[in-house]
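need coordinates for the below:
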Amino acid sequence: MDLDPVLLARLQFAFTVSFHIIFPAFTIGLSAYIATLEGLWIWTGTDRYHLIARFWTKIFAVSFAMGVVSGIVLSYQFGTNWSRFSTTVGNVVGPLIGYEVLTAFFLEATFLGVMLFGWNRVPPWLHVLATVIVAVGTALSAFWILSANSWMQTPAGHEIKDGIAVPVDWLSVIFNPSFPYRFAHMLTAAYLTTSFVVLAVGARYLLAGRHTEEARTMLRMAVGFIAIVAPLQVLLGDQHGLNTAKHQPMKIAAIEGHWDGSEPGAFHIVAWPNMHAERNDFAISIPRAASLLITHDPNGLFPGLKSVPASDRPPVTLVFYAFRLMILIGFAMVGTGWVGAWLWHRGRLFSTAWFLRPAANVWWAGFVAVISGWIVTESGRQPWLAYGILRTADAVSPVPAGIVLTTLILFIVVYAIIFSMGIYYINRLIHTGPTGPSILPAEHGLPSRPLSGAEEAAREALGR
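The predicted model follows:
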C-alpha cells in the first residue's frame, strides 16, 4: 500500500493541534474565571470566593502544564513536516508567533509563579493583580495565534517576491479581514468552554450534597454567564460566517453543501454530499434558508462548489458535518443558559434534578464545539494552506511517508498517556473539591520552578 506523505503530515498536524487546542481553550477561560473570583473576594471579603479560586487554581496548574507540553510539538512540526510553508510565508507568520512568545507567554510565565504560589506569601491585592495579568496574558496569546492563523485564511498587508510572501504593512497583516471575527468567536468559545466545566462541577456537587455553598456559587456564575454570552456567540458566529462568505466562498459552499450557484441555497439539516457526482445524494432541507442566512435575501445567490475545479474544493462531507455539530452544541448552550436562568428566577435552580443531572455531564460540550469549529476552519480552506498563496501539497517537507506515519503513531501513544494522566489528576482534584490549601503553606519552602504547580496539584490529587 502506497502511503501519501501529504495526507499523513496533515493527519499528524491535525491530531496534535486538535489535542493541544483543548487546553488553551480551557485555560484562557479558567484564568479569567479565577481572576473574577479573586476580584469578588477582594471586593466582598467573602471567603467562599477565595476558596473556590484556590480550588480552580489547582486545576489550572495541571491544564496549563498539559497545554505547554502538547504545544511544544507544534512549533517543531513547522520545520519537520512543513518546511516549505516556513520558506514561503515564514516572513509573515514567524514574527507573529514570535510576538506571542515575547508578549503573551513571557507575561504569563512572569506572573504565573505568583498566581500559583503566592497564597499566604504576597499581599492579596498583588495576588489578584498577578492572576488578572495571567488572564490577560492568555487572551493576548490567543490574539497573536489567531492573528497568524487568520492571516493564513485571509492574507493581507503583504506582497509576493520570488514566490515568497513579504510583509509591507504590519497593521494590515495583524488585523487582516477575518481576524476580528475569528478572535472574538474563539475567545468567547474559550470562556463558554470553561463555563460549562464550572457548571458541570457545581451540579455534580449539588447532586452529591457536597460543598453546597461553593456549588451554588459556581452554578449561579456559570448559568448567568452562559445565558448572556451563548446567544452573543451565535451572533458572533453569524457575523463570522458573513465574513467567510465574502473572503472564502468555497468554505461556505462546503458548509452548506451548495453545489449550483445559479440557484438559491437551501439549508440542509441533514445531507450526504457526493463529491464525485457533485450533488447531495440525500438531504432534509429548508428551501432558500441558506440564501437568507448568507445574503439576507431568500432569493439571493452565492457561489456553489461547481464554480471552481474539483481540485480547488475542500472536503465537503467533513466540513458539512463538523459545522452542524458545532451549531447543534451552540444552540444547546443557549437553551441550557436560558433554562437555567428561568429556574434561577423561579428559585428552583439548585433543586431541579432534571436540570442538574444533565448539567453535571455537559463538561465536554465546549471542547467538542471548539474542535468542530477548528475542523471547519482548517479543512474548509483546503486545498490552501495560505489562502491563494500556498497550496497544502506544495508546503510539505520531503520526508518519507513511513517516517511521518511512525511519528504519528508515537504522538498518539504519548499524547494518550499525557491526556489520561491529566484527566485522572483533574478528576481526583474535582473529587476532593474546594477544601484545604491549593498549595503548600509558606513554611514548606518555595517551589523551584513554575510548572511545579502542576506537580503540587497532582500530589494533592493523590492524597500525598
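
can you tell me how far Pro49 is from Ile42?
Rather than Pro, residue 49 is Tyr. 9 Å (CB to CB, to the nearest Å). (Glycine included, C-beta is placed from N, CA and C.)

tell me which of the two has more neighbours.
More neighbours surround Tyr49 than the other of Tyr49 and Ile42, with 21 against 15 (other CB atoms under 10 Å).

Ile34 is in contact with that one, correct?
No: between Tyr49 and Ile34 there is no contact under CB atoms under 8 Å: 10.1 Å.

in which helix or strand does Leu235 reside?
Taking DSSP states H and E as the criterion, Leu235 maps to helix 212-247.

can you name the next helix or strand after that helix?
Helix 212-247 is succeeded, C-terminally, by helix 249-256 (DSSP H and E).

elements contacting the helix or strand just after that next one?
Where DSSP H and E defines the elements, the next helix or strand beyond helix 249-256 is strand 267-274. In terms of contact count using 3 or more CB pairs under 8 Å, 6 or more residues apart in numbering; DSSP states H and E, strand 267-274 is assigned the packing partners strand 279-286, helix 289-295, helix 316-345.

and these: which comes nearest Val134?
helix 316-345 (25.8 Å; CB to CB).

buried ones in the closest one?
316-327, 329-330, 333-334, 336-337, 339-341, 343-344 (16 or more other CB atoms under 10 Å).

one more: stretch 211-218?
For stretch 211-218, using 16+ other CB under 10 Å, the buried residues are His211, Glu214, Ala215, Arg216, Thr217, Met218.

returning to that earlier point: next, the angle from the helix holding Leu235 to helix 249-256.
130 degrees (axes from the mean of the first three to the mean of the last three CA atoms, to 10 degrees).

any idea how far helix 212-247 is from the chain center?
Helix 212-247 sits 13 Å away from the centroid of its parent chain (CA atoms, centre = their mean, to the nearest Å).

next: stretch 196-203.
18 Å.

list the contacts for the residue nearest to Gly237 when sequence neighbours are not counted?
Leaving aside its chain neighbours, Gly237 sits nearest to His185 (6.0 Å; criterion: CB to CB, 6 or more residues apart in numbering). For His185, the contacting residues are Gln233, Leu236, Gly237, His240, Gly373, by CB atoms under 8 Å, 6 or more residues apart in numbering.

give me the average confidence score over the host helix or strand of His185.
Per DSSP H and E: His185 is located in helix 179-208. Mean pLDDT, computed over helix 179-208, is 94.

and that helix with helix 212-247, angle?
150 degrees.

buried sites along helix 179-208?
179-206.

now stretch 403-414
Neighbour-count burial for stretch 403-414 flags Val404, Leu405, Thr407, Leu408, Phe411 (criterion: 16+ other CB under 10 Å).

send the alpha carbons of that stretch over as CSV?
What follows is stretch 403-414, C-alpha atoms only, in CSV (Å, rounded to 0.1, in the frame of the first residue of the first chain):
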residue,chain,number,x,y,z
ILE,A,403,8.7,8.2,9.0
VAL,A,404,5.7,10.5,9.2
LEU,A,405,3.5,7.5,10.0
THR,A,406,5.9,6.3,12.7
THR,A,407,6.0,9.7,14.4
LEU,A,408,2.2,10.0,14.1
ILE,A,409,1.8,6.7,16.0
LEU,A,410,4.3,7.7,18.6
PHE,A,411,2.5,11.0,19.1
ILE,A,412,-0.8,9.2,19.6
VAL,A,413,0.7,6.9,22.2
VAL,A,414,2.5,9.7,24.1
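
residue numbering should commence at 10 henceforth.
With the count now opening at 10, the last piece we talked about shows up as stretch 412-423.

how distant is it from the center of its chain?
Its chain's C-alpha centre and that of stretch 412-423 lie 23 Å apart, by CA atoms, centre = their mean.

and for stretch 56-75?
With CA atoms, centre = their mean as the basis, stretch 56-75 stands 20 Å off its chain's centre.

buried stuff in that stretch?
In stretch 56-75, counting by 16+ other CB under 10 Å, buried: 57-75.

what's the answer for stretch 154-170, then?
For stretch 154-170, by 16+ other CB under 10 Å, it's 154-167.

do stretch 252-272 as well
Quick answer for stretch 252-272 (16+ other CB under 10 Å): 252-254, 256-270.

measure the closest residue to Asn252 other than its chain neighbours to Thr345 for me?
Nearest non-adjacent residue to Asn252, counting by CB to CB, 6+ apart: Tyr190, 4.8 Å away. As judged by CB to CB, Tyr190 and Thr345 stand 24 Å apart.

what of Pro33?
Pro33 is 23 Å from Thr345, by CB to CB.

do Thr221 as well
Taking CB to CB, one finds Thr221 at 21 Å from Thr345.

what of Leu121?
From Leu121 to Thr345 the distance is 32 Å (CB to CB).

what do you get for Leu244?
Where Thr345 is concerned, Leu244 sits at a distance of 17 Å (CB to CB).

picking up where we left off before, could you dump the helices and strands packed on strand 276-283 into CSV and include mean pLDDT and distance to Phe28?
Formatted as CSV, the helices and strands packed on strand 276-283 follow (pLDDT from 0 to 100; distance: least, CB to CB, whole Å):
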stretch, mean pLDDT, distance to Phe28
strand 288-295, 89, 32
helix 298-304, 90, 32
helix 325-354, 94, 16
